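S.K.: got a predicted structure plus its sequence, pasted below:
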Amino acid sequence: MLVKVFGSAVFGVEATTITVEVNVDKGIGYHLVGLPDNAIKESSYRIAAALKNNGYELPGKKITINMAPADLRKEGSAYDLTLALGILVASGQLQTDFLDQYIIMGELSLDGGLQPIRGALPIAIKAREEGFKGILLPQQNAQEAAIVDDLEVYGIENVLQVIDFFSGTSTLEPVTVNTRDTFFQAIEFPEFDFADVKGQESIKRCMEIAAAGGHNIILIGPPGAGKTMLAKRLPSILPPMTLREALETTKIHSVAGKIKEVGLISQRPFRNPHHTASSVSLVGGGSYPQPGEISLAHNGVLFLDELPEFKREVLEVMRQPLEDREVTISRAKFTITYPSSFMLVASMNPSPGGFFNDPDAPITTSPAEMQRYLSKISGPLLDRIDIHIEVTPVPFDKLADTRRAESSTVIRQRVMAARDIQTQRFAEYPNIHYNAQMSTQLIRTYCELDASSLTLLKSAMERLNLSARAYDRILKVARTIADLEAHPKVEAAHIAEAIQYRSLDRDGWLG
């Protein structure tokens, strides 16, 4: 008897429906075709034990299973439940008329229990697109899949529940999630708050500008100055994610198997990889390609602490994703594209010992050693970082001050107002959303300078030995400063402030 059951495979952040054809005939043998990997080939042992321990059996006949499309590689153990249901129906142990109305996915334990799978959200989205009535998958993935409207989602704990459901001897309650209510309840409660930061008013101002314009930023300062603490609070002042951004982010984390919270991810991601990270872990890839840190930080913040400690070749692979806001992983037989639109926040010490030009420092470093240390960061990578700011230690009187500083909620309101101005400005450009994404042509259009501003900028570039690449960056940051003040034009005061934020372009840093 021939039976067709439907599963799904995830490639990149999109799912493809897989038709599992099971044929039970006279003879002996178990034949699985359609480019399955080793995890799927081993499924026969898990299926046999799970069925045996629940009162059913793997028939002693010739079982042929084809996973179509046959030229598409199938990976992982999530097809166990799909194959088991097909074998039961094809061998006559289960009678049902509506098997083809559902996507069925899940990894079987030997006792018939179900283990969670990856990519439940893109699978559910694809099931709805193709008109399936519902989806059956492990209980641990049900809340994630239930984000999708107009689709019956059933969370399963044991294979017997599925058998009884299709035989009609019992019913299952679909899992429901009010996506909008759950999402909007969670977006206003950031874990970290700028109200907890003592002093550092100039750095907070930089963070506000970076958040308002989507600018990449690097913090330079000695150990204990508060670089990491400030970076961790940046997501709290970014505009709340839209529902579309939340779905995009949740899909990526679902594919990577990183979803720990229930349902939709509502807070902007903050990823902080260690400096020993490899190129593949940062941009994604591997024999079975998975999203890397830059994709997991999509719509959020990627924080690279101790930037010069990262291997140079690891940092260089980020240059293209920083520009294109996506990363393409190519293999011999397929190509996968992951989104990677993130804010880069980096921190570093000014020298190997952590201190520079500080006569009271416990460790001294020569200018030559400092130059060698800073040269680990390439010019092209720094070219993609708009704001360089020096962070100094907080004095005792500021640390001892018991008054609370301005909260992230207040700062976020100003950031959102500036972002609204940019949204209206770039309404005609589908791929431009904030100032950091402006091209050279757009900079010339929206950052026109009067005579006094031009004179100030020319004087600063000559006296401070600013590099030519700093020119456009200063204009972008100045445009954001003007937006925060709701000024239609960039003025000399905005240029003057933006010039302060190019520390590494000055003579004495990287030359």
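M.R.: Arrived safely.
S.K.: which residues does the closest residue to residue 75 other than its chain neighbours contact?
M.R.: In space, and not counting its chain neighbours, residue 75 is closest to residue 37: 4.8 Å by CB to CB, 6 or more residues apart in numbering. Yep, even glycine has a C-beta here, placed from its N, CA and C like the rest. Contacts here follow CB atoms under 8 Å, 6 or more residues apart in numbering; on that basis residue 37 touches 73, 74, 75, 76, 288.
S.K.: which of these fall within helices?
M.R.: The helices, defined by DSSP state H, take in nothing from the contacts of residue 37.
S.K.: buried ones only from these, please, as a ChimeraX command.
M.R.: Entered in ChimeraX, the line below selects the buried ones among these, by 16 or more other CB atoms under 10 Å:
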select :74,75,76
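S.K.: least confident pick among the contacts of residue 37?
M.R.: Minimum pLDDT across the contacts of residue 37 is recorded for residue 288, with 77.
S.K.: can you tell me how far that residue is from residue 39?
M.R.: Going from residue 288 to residue 39 by CB to CB, to the nearest Å gives 10 Å.
S.K.: overlap in contacts, the two.
M.R.: With CB under 8 Å, 6+ apart, residue 288 and residue 39 have common neighbours residue 75.
S.K.: follow-up on the earlier one: let's have the contacts of residue 37 in JSON lines, adding distance to residue 320.
M.R.: Formatted as JSON lines, those follow (distance: CB to CB, whole Å):
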{"residue": "73", "distance to residue 320": "26"}
{"residue": "74", "distance to residue 320": "30"}
{"residue": "75", "distance to residue 320": "27"}
{"residue": "76", "distance to residue 320": "29"}
{"residue": "288", "distance to residue 320": "22"}
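S.K.: check which element follows the longest helix seen in the chain along the chain.
M.R.: Identified as the longest helix of the chain according to DSSP H is helix 408-425. Downstream of helix 408-425, the next assigned helix or strand under DSSP states H and E is helix 440-446.
S.K.: which residues does that next one contact?
M.R.: 425, 426, 429, 432, 438, 472, 475, 476, 479.
S.K.: my guess is the fifth one contacts residue 432. True?
M.R.: This points to residue 438. Yes - counting by CB atoms under 8 Å, residue 432 is a contact partner of residue 438 at 6.7 Å.
S.K.: convert the C-alpha atoms of stretch 331-349 to CSV, please.
M.R.: Listed next in CSV are the C-alpha coordinates belonging to stretch 331-349 (Å, rounded to 0.1, in the frame of the first residue of the first chain):
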residue,chain,number,x,y,z
ARG,A,331,28.3,25.7,-1.5
ALA,A,332,28.8,23.4,-4.6
LYS,A,333,25.1,22.5,-4.8
PHE,A,334,23.3,25.4,-3.2
THR,A,335,23.4,29.0,-2.0
ILE,A,336,21.8,30.3,1.2
THR,A,337,21.3,33.9,2.1
TYR,A,338,20.8,35.0,5.7
PRO,A,339,19.8,38.6,6.6
SER,A,340,22.3,40.5,8.8
SER,A,341,21.1,44.1,9.4
PHE,A,342,22.6,44.9,12.7
MET,A,343,24.3,47.7,14.6
LEU,A,344,28.0,47.0,15.3
VAL,A,345,29.3,48.1,18.7
ALA,A,346,32.9,47.5,19.4
SER,A,347,35.1,48.2,22.4
MET,A,348,38.9,48.2,22.8
ASN,A,349,41.7,49.3,25.0
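S.K.: which of the residues in that stretch are buried?
M.R.: 336-349.
S.K.: and that stretch, average pLDDT?
M.R.: 88.
S.K.: same check, this time on stretch 251-264
M.R.: The model assigns stretch 251-264 a mean pLDDT of 82.
S.K.: hey, C-alpha coordinates of that stretch in CSV?
M.R.: Extracted in CSV, the C-alpha atoms of stretch 251-264 (Å, rounded to 0.1, in the frame of the first residue of the first chain):
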residue,chain,number,x,y,z
LYS,A,251,12.6,32.9,12.2
ILE,A,252,16.4,33.2,12.3
HIS,A,253,16.6,32.1,15.9
SER,A,254,14.2,29.3,15.2
VAL,A,255,16.4,27.9,12.4
ALA,A,256,19.4,28.1,14.7
GLY,A,257,17.5,26.3,17.5
LYS,A,258,18.2,29.3,19.8
ILE,A,259,14.6,30.2,20.9
LYS,A,260,14.5,29.9,24.7
GLU,A,261,11.6,32.2,25.4
VAL,A,262,7.9,31.5,24.6
GLY,A,263,6.7,32.4,21.2
LEU,A,264,7.7,35.6,19.5
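S.K.: now do it: everything it contacts.
M.R.: With CB under 8 Å, 6+ apart, stretch 251-264 has contacts from 10, 12-13, 116, 118-122, 125, 143-144, 146-147, 177, 179, 182-183, 246-247, 250, 265, 269, 290-291, 295-296, 298, 338-339.
S.K.: quick one: buried ones out of the residues you listed?
M.R.: Buried, going by 16+ other CB under 10 Å: 10, 12-13, 116, 118-122, 125, 143-144, 146-147, 177, 179, 183, 246-247, 250, 265, 269, 290-291, 295-296, 298, 338-339, out of the contacts of stretch 251-264.
S.K.: among the residues you listed, which ones are in strands?
M.R.: 10, 290, 291, 338, 339 (DSSP state E).
S.K.: would you turn those residues into JSON lines with distance to residue 276?
M.R.: Formatted as JSON lines, those follow (distance: CB to CB, whole Å):
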{"residue": "10", "distance to residue 276": "28"}
{"residue": "290", "distance to residue 276": "18"}
{"residue": "291", "distance to residue 276": "19"}
{"residue": "338", "distance to residue 276": "22"}
{"residue": "339", "distance to residue 276": "25"}
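S.K.: return the member of those residues nearest to residue 154.
M.R.: residue 10 (19.6 Å; CB to CB).
S.K.: for the closest one, which non-adjacent residue is closest in space?
M.R.: That would be residue 119: by CB to CB, 6+ apart, it lies 3.7 Å from residue 10.
S.K.: name the residues of stretch 436-443 that are buried.
M.R.: Buried residues in stretch 436-443 (16+ other CB under 10 Å): 436, 437, 438, 442, 443.
S.K.: let me know the pLDDT of the first one.
M.R.: In this case it means residue 436. Confidence for residue 436, expressed as pLDDT, is 91.
S.K.: what do you get for residue 287?
M.R.: On the pLDDT scale, residue 287 gets 75.
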